[in-house]
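**Student:** Sequence and computational prediction follow.
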Amino acid sequence: MTDLSVRPRCLFVIFGATGDLTKRKLLPAIYQLKLQGQLPDQFAVIATARKEYTDESYREIAKEAVTQYSGSTLKEEIWESLCKQLFYHQLQFDEDDGYAGLKVMLEGLDDQLQTNGNHIFYLAVAPEYFGEISDRIEKFQLINQDRGWYRLMIEKPFGNNLESARELNSDLTRVFREENLYRIDHYLVKEMVRNLMVIRASNQIFEPLWNGDYIDHIEIISMESEGIGLRGRYYDKSGALRDMVQNHLLQMLALTAMEMPDSLSTTKVRTEKVKMLRALIPIDEDQISNQVVLGQYEGYLDEERVKADSPTETFAALKVCLDHPRWRDVPFYLKTGKAVVSKMTQINIQFKRPLGTSYLGDVLQSADPNRLIIKIQPDEGFEVVFNTKKPGTLDSIMPVSMDFCQSCLVEQNTPEAYEKLILDCINGDASSFTHWDELEATWTWIDKITDWAYRNPQEVRTYPKGSEGPEAAEELLKRSKDRDKK
Ligand SMILES: NC(=O)c1ccc[n+]([C@@H]2O[C@H](COP(=O)([O-])OP(=O)(O)OC[C@H]3O[C@@H](n4cnc5c(N)ncnc54)[C@H](OP(=O)(O)O)[C@@H]3O)[C@@H](O)[C@H]2O)c1
């Protein structure tokens, strides 16, 4: 456990502090951290947006938000204590006026709390404001390179393709060095995603087998039973490939496939992940339709703020291969979809069939391959499927499973993603955030596929809401199963 006495003191500045993200996620997470005694004593939140509030009136709306969204009954004494650390400052992102006042406020709090000029800036705003805000952070000297440290936390989307991601990045890196950029990917702080490296490194029954000699294929699946809800304006320009595959699914692939780093330092973990993302084999144009299945749920075109004839995919299944000795001939199947039968994120590691050389001979042909299923959400845990003798027979084989449900056993709920993200940033641990090299590798790889999808809207197949997605997606995997039976 981290020593709280050394947890870095700092000021936490939120841009967009009257918005949905701040109310539903950031303020409740900060309250929970306060409740758990995880925040440094020398800490304050400075909320900024363009609406007119005083500290007192902002604290009232913040209290309403925390009461509504924090998932537990508000403890008045904790809230009162947090209130004293919560301030509001009005400004327009794209006008100089408010920034000089913000600087005065930060300097005053730095002096009062001895926060040393340590500042975290959280941009809970649309990406088109990232450049405007970071330029003014520099212009008005809200960061002081000679005193303390400064970090910038930002939410996806990090561009819409490689070119726009580069532009966005250059806007940010004019002011912030790469090591000070904390690009959020919520999947990286999910308990079982963090557990992936531990499961591999600490289990001799898995790590020596973690390669193409023993593994047949790997599935990385993230499904949602809900449609896009009110996110039409954003989603219709994005689609499943950009919204899910480019970031969350490829990040999970990197963590599953990478070589084990010899320490958990940010640099070592990121270096290994980047190597794997750069090993993604580009899919040739004439093979894309064989390796990629896209779908759109029935009724998507009636969703709010979706174009009447939109070809945007709400489902994507892909066969992905890596140019790496560990994974030669091992396909990775990525699958994600909205409005499908159930909500579930998991990684399935399917081992090869047992060799038919034992006394069981041909009987082994009917045995199921071993599987390790890592459950990420909503259930957290893992399941191992292996074979045993069917009771009452001599040589019939049946699969059985050992199922460890972490979310059932752990008494308290695992910490909300935003609590971990904020705490990691305060502690300067960027290992669960995305580095530019990862973005560059993933956009480079996926741009070819999104370009193809744009030129071939007829490839997007409709599927019924509440189904498994387009049937062609099952065919992709079945081809591998057939291969496995040979
Ligand atoms: N909502 C979520 O759960 C969620 C999840 C993941 C990522 N995100 C991303 O996070 C960002 C923010 O999302 P959101 O849902 O919170 O948006 P939102 O509800 O529209 O809030 C936008 C915030 O920005 C402020 N703002 C907008 N223009 C401004 C300007 N010119 N000057 C000063 N303040 C300005 C608004 O202040 P006023 O209220 O004072 O106008 C408000 O506080 C988006 O990029 C979104 O994609 C959101």
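**Tutor:** Thanks, I have it.
**Student:** List, one by one, the residues from the stretch 101-250 of the chain near the ligand.
**Tutor:** Proximity of the stretch 101-250 of the chain to the ligand (Cβ under 6 Å from any ligand atom) is limited to residues 124-127, 155, 234. In this view, the C-beta of every residue, glycine as well, is placed from N, C-alpha and C.
**Student:** who's in contact with whatever residue of the stretch 1-150 of the chain ends up closest to the ligand?
**Tutor:** Taking Cβ to the nearest ligand atom, the ligand has its nearest neighbour within the stretch 1-150 of the chain at Gly19, 2.2 Å off. Applying Cβ atoms under 8 Å, 6 or more residues apart in numbering, we find Gly19 in contact with 49, 124-125.
**Student:** Cross-reference those residues with the strands and report the matches.
**Tutor:** Ala49 (DSSP state E).
**Student:** Chain neighbours aside, what residue packs nearest to the residue positioned nearest the centre of the chain?
**Tutor:** By Cα atoms, centre = their mean, the chain has its centre lying nearest to Tyr187, at 2.7 Å. Leaving out its chain neighbours, the residue that sits closest to Tyr187 by Cβ to Cβ, 6 or more residues apart in numbering is His248, at 4.2 Å.
**Student:** what element comes up after the helix or strand hosting Ile133 heading to the C-terminus?
**Tutor:** Using DSSP states H and E, Ile133 falls within helix 130-139. Using DSSP H and E, the helix or strand that follows helix 130-139 in sequence is strand 150-154.
**Student:** what lines up beside that next one in the sheet?
**Tutor:** strand 119-123 (parallel), strand 181-184 (parallel) (DSSP bridges).
**Student:** which residues of the stretch 201-350 of the chain fall in helices?
**Tutor:** Here the stretch 201-350 of the chain has its helices, by DSSP state H, counting those that start in this stretch, at 232-240, 250-257, 266-278, 288-291.
**Student:** for the longest one, what is the average pLDDT?
**Tutor:** Put plainly, it is helix 266-278. Confidence over helix 266-278 (mean pLDDT, whole number) is 95.
**Student:** Mind listing residues that contact that helix?
**Tutor:** 197, 250-251, 253-255, 257-262, 322, 324, 429-431, 435, 437-438, 441-442, 445.
**Student:** So what's the residue count around the closest residue to Asp262 other than its chain neighbours?
**Tutor:** The shortest distance from Asp262 to any non-neighbouring residue, by Cβ to Cβ, 6+ apart, is to Lys268 (6.6 Å). Lys268 has 14 neighbours, counted by other Cβ atoms under 10 Å.
**Student:** Same question for Leu74.
**Tutor:** 13.
**Student:** Next one: it from Cys83, what distance?
**Tutor:** From Leu74 across to Cys83, the span is 11 Å (Cβ to Cβ, to the nearest Å).
**Student:** just Ser396 next, same as before
**Tutor:** To Cys83, Ser396 is 67 Å away according to Cβ to Cβ.
**Student:** again with Arg50
**Tutor:** From Arg50 to Cys83 the distance is 22 Å (Cβ to Cβ).
**Student:** Compare those two and say which one has the larger neighbour count.
**Tutor:** Between Arg50 and Cys83, counting by other Cβ under 10 Å, Cys83 is the more crowded of the two (16 against 13).
**Student:** Do you know the pLDDT at that one?
**Tutor:** Model confidence at Cys83 (pLDDT) stands at 96.
**Student:** ok, back up a step: intersection of neighbour lists for Leu74 and Cys83?
**Tutor:** Joint contacts of Leu74 and Cys83 (Cβ under 8 Å, 6+ apart) are Lys63.
**Student:** and the gap between Gln36 and Tyr150?
**Tutor:** Taking Cβ to Cβ, one finds Gln36 at 25 Å from Tyr150.
**Student:** which of these two has more neighbours?
**Tutor:** Ranked by neighbour count (other Cβ under 10 Å), Gln36 and Tyr150 place Tyr150 first, with 22 against 13.
**Student:** check contacts around the more buried one.
**Tutor:** Contact analysis of Tyr150 by Cβ under 8 Å, 6+ apart lists 117-121, 142-144, 176, 180.
**Student:** Gly159 too?
**Tutor:** Counting by Cβ under 8 Å, 6+ apart, Gly159 has contacts 127, 165-169, 439, 443.
**Student:** Once you drop chain neighbours, what's closest to the closest residue to the ligand within the stretch 351-486 of the chain?
**Tutor:** Using Cβ to the nearest ligand atom, the closest approach of the stretch 351-486 of the chain to the ligand is made by Tyr418 at 9.6 Å. Leaving aside its chain neighbours, Tyr418 sits nearest to Ala29 (3.6 Å; criterion: Cβ to Cβ, 6+ apart).
**Student:** that older thread, of the contacts of Gly19, buried ones?
**Tutor:** Using 16 or more other Cβ atoms under 10 Å as the burial test, the contacts of Gly19 include 49, 124-125 as buried.
**Student:** Would you mark the buried spots in the helix or strand hosting Asn169?
**Tutor:** Secondary structure assignment for Asn169, by DSSP H and E: helix 162-173. By neighbour count on 16+ other Cβ under 10 Å, the buried set for helix 162-173 is 162, 165, 168-169, 171-172.
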